[in-house]
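> this one's structure only:
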DNA sequence: TATTGTTATACTCTATAACTATA
DNA sequence: TATAGTTATAGAGTATAACAATA
C-alpha cells in the first residue's frame, strides 16, 4: 500500500490513545485493589531486574526521578515493593517486590491480558499477525525514546 | 506466523504504554503552551462535530461526565473552547472551539505528527504498512470500547 | 563538584457520590 | 421520574525547582 511516514504518524496519534484508555480502565477496575499504569510498569520492570535503583527504573519507565519517587512511595505504602539503601553506595536505593507485589503484578497482567486477548480472539489470524508485527516495529522505534 | 490472541495481548500491553508516553511527552512539551492528551482528544472531537454536548464528547473520548466537565473547564479557562446552553433543551451544553482553539489543535497535531513521522521516516515502507494496517485493526476493535 | 534521591509546589486527570436544573 | 451537567471530595500522576546526603 506504500503508506507515508505522515500517514503512519496520523494513524498512531489517533489510535494509540484509544487503546491506552482500554488498558488503563481494565487495570484500574481490577478486582481486589486496582493499580495504575505507571505502577504496573514499575512493578514489571522491578520484577525483571536485580535490585534496580530509582533512577534506573525512572529511566526505563520514562519518568523523572521525582515522579518515580512518588510512585515508589505508593508501592511501598501498599506493601507491593521495598526500598532499601544500597550497600556500598548509600546514595542509591535498591528496589524489590514483596511477595504480595509479585502476586499483584501476576494477577494484573493476567486479567488485563485476558481482556485484550478476548478482543483479539475473533480476529482472522492474519490480522493478529499484523498487530504483533506492528508492536515489534514500534517497540524498536520507541526503545530509546524513554530517555529524559 | 500465526500468533495467538494471547501473544497479541502481551505485545500490546507492553508496547502501547511506551508509545503513549512518547505522544504525551511531545504534546506536553509543545512550544507556546502545552496541552494534555485528554485536552487534545477533546479539541479533536469538538472540531469534527457540530456543537456537541458534554455527554457526547465524554462518551467518545471515553471519560465520565464529571471528568469531561473538568477538562472543558480548563479549555474554556484557556479560551480554547466555548460552552453555551443549548437552544431548545436548556439542560444541554453546546461546545465549540474558538479561533485560538482551532489554531492550538492544528499546531499540536502538526508538531506531534512531525515527531512521530520523523521516527517512521527511516523505516522500510513494508514496516510502515504493517503499522498502519495494525492501527486500523485496533481502531475497529476498540471503537465500541469507549462506552461507560 | 557530581550524583542520587526526596521535598515543596502546583497542575491535571480521574472516579464516585451528591446535588441542581430542566424536561 | 429521567436526563444533562456541575460540585464535592479524594487520590494518583506529572513536572520544575530547591534541597539533603553521599561520593
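Thanks, I have it. Worth saying up front: this structure is predicted, and the values here are computed from it rather than measured. Numbers count the residues shown, from 1 in each chain, chains lettered A, B, ... in the order given.
> quick one, what contacts the residue nearest the centre of chain A?
The centroid of chain A falls nearest to residue A:41 when counting by Cα atoms, centre = their mean (2.9 Å). Residue A:41 makes contact with A:61, B:17, according to Cβ atoms under 8 Å, 6 or more residues apart in numbering or on different chains. For the C-beta atoms, the positions are set from N, CA and C on the backbone; glycine is no exception.
> got a list of contacts for stretch A:62-79?
Applying Cβ under 8 Å, 6+ apart, the external contacts of stretch A:62-79 come out as A:33, A:38-39, A:42-43, A:54-55, A:57-58, A:61, A:81-83, A:93, A:95, A:98, A:100-101, A:145-146, A:148, B:18, B:21, B:25.
> switch the cut-off to 7 Å
A:38-39, A:42, A:54-55, A:57-58, A:61, A:81-83, A:95, A:98, A:100, A:146, A:148, B:21 (Cβ atoms under 7 Å, 6 or more residues apart in numbering or on different chains).
> Now, the residues you listed that are in strands?
A:81, A:82, A:83, A:95 (DSSP state E).
> Let's see the pLDDT reported for residue A:4.
With respect to pLDDT, residue A:4 scores 96.
> Compute the distance between it and chain B, please.
For residue A:4, the distance to chain B equals 8 Å [Cβ to the nearest Cβ, to the nearest Å].
> Tally up the residues packed near the nearest residue to that residue once chain neighbours are set aside, please.
Nearest non-adjacent residue to residue A:4, counting by Cβ to Cβ, 6 or more residues apart in numbering or on different chains: residue B:128, 7.5 Å away. Neighbour count of residue B:128, defined by other Cβ atoms under 10 Å in any protein chain shown: 23.
> ok and the helix or strand containing residue B:128 relative to helix A:125-142, angle-wise?
Using DSSP states H and E, residue B:128 sits in helix B:125-142. Regarding helix B:125-142 and helix A:125-142, their directions subtend 110 degrees when assessed with axes from the mean of the first three to the mean of the last three Cα atoms, to 10 degrees.
> How about helix B:125-142 and DNA strand C, touching?
No. Applying Cβ under 7 Å from any atom of the strand, one finds helix B:125-142 separated from DNA strand C by no less than 15.0 Å.
> And that helix, what does it pack against?
Here helix B:125-142 touches helix A:5-28, helix A:125-142, going by 3 or more Cβ pairs under 7 Å, 6 or more residues apart in numbering or on different chains; DSSP states H and E.
> And these: which comes nearest DNA strand D?
helix A:5-28 (9.3 Å; Cβ to the nearest atom of the strand).
> The closest one vs helix A:125-142, what angle?
100 degrees.
> and helix A:5-28, what does it pack onto?
helix A:37-47, helix A:99-120, helix B:5-28, helix B:99-120, helix B:125-142.
> where does chain A come near DNA strand C, residue by residue?
Checking chain A against DNA strand C by Cβ under 7 Å from any atom of the strand, the hits are A:21, A:24-25, A:28, A:53-56, A:65-66, A:68-70, A:72-73, A:83, A:86, A:89, A:91-93.
> before we move on, back to that, PyMOL command for the buried members of the contacts of stretch A:62-79?
The following PyMOL line selects those of these that are buried, judged by 16 or more other Cβ atoms under 10 Å in any protein chain shown:
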select buried, (chain A and resi 38+39+42+54+57+58+61+81+82+95+146) or (chain B and resi 21)
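> For residue A:12, give me its contacts.
When the contact criterion is Cβ under 7 Å, 6+ apart, the partners of residue A:12 are B:19, B:116, B:131, B:135.
> you'd agree residue A:45 is up against residue A:58?
No. Using Cβ atoms under 7 Å, residue A:45 is not in contact with residue A:58; the gap is 9.8 Å.
> Next one: residue A:28, what pLDDT does it get?
88.
> Settle this for me: it is touching residue A:34, isn't it.
Yes. Judged on Cβ under 7 Å, residue A:28 makes contact with residue A:34 at a distance of 4.4 Å.
> Please produce a markdown table containing the helices and strands packed on helix A:5-28, extended by distance to residue A:140.
Listed next are the helices and strands packed on helix A:5-28 as a markdown table, based on distance: least, Cβ to Cβ, whole Å:
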| stretch | distance to residue A:140 |
| --- | --- |
| helix A:37-47 | 18 |
| helix A:99-120 | 21 |
| helix B:5-28 | 10 |
| helix B:99-120 | 10 |
| helix B:125-142 | 9 |
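> a markdown table for the contacts of residue A:12, including neighbour count and distance to residue A:10?
Below are those laid out as a markdown table (neighbours: other Cβ atoms under 10 Å in any protein chain shown; distance: Cβ to Cβ, whole Å):
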| residue | neighbour count | distance to residue A:10 |
| --- | --- | --- |
| B:19 | 24 | 14 |
| B:116 | 25 | 8 |
| B:131 | 25 | 11 |
| B:135 | 26 | 9 |
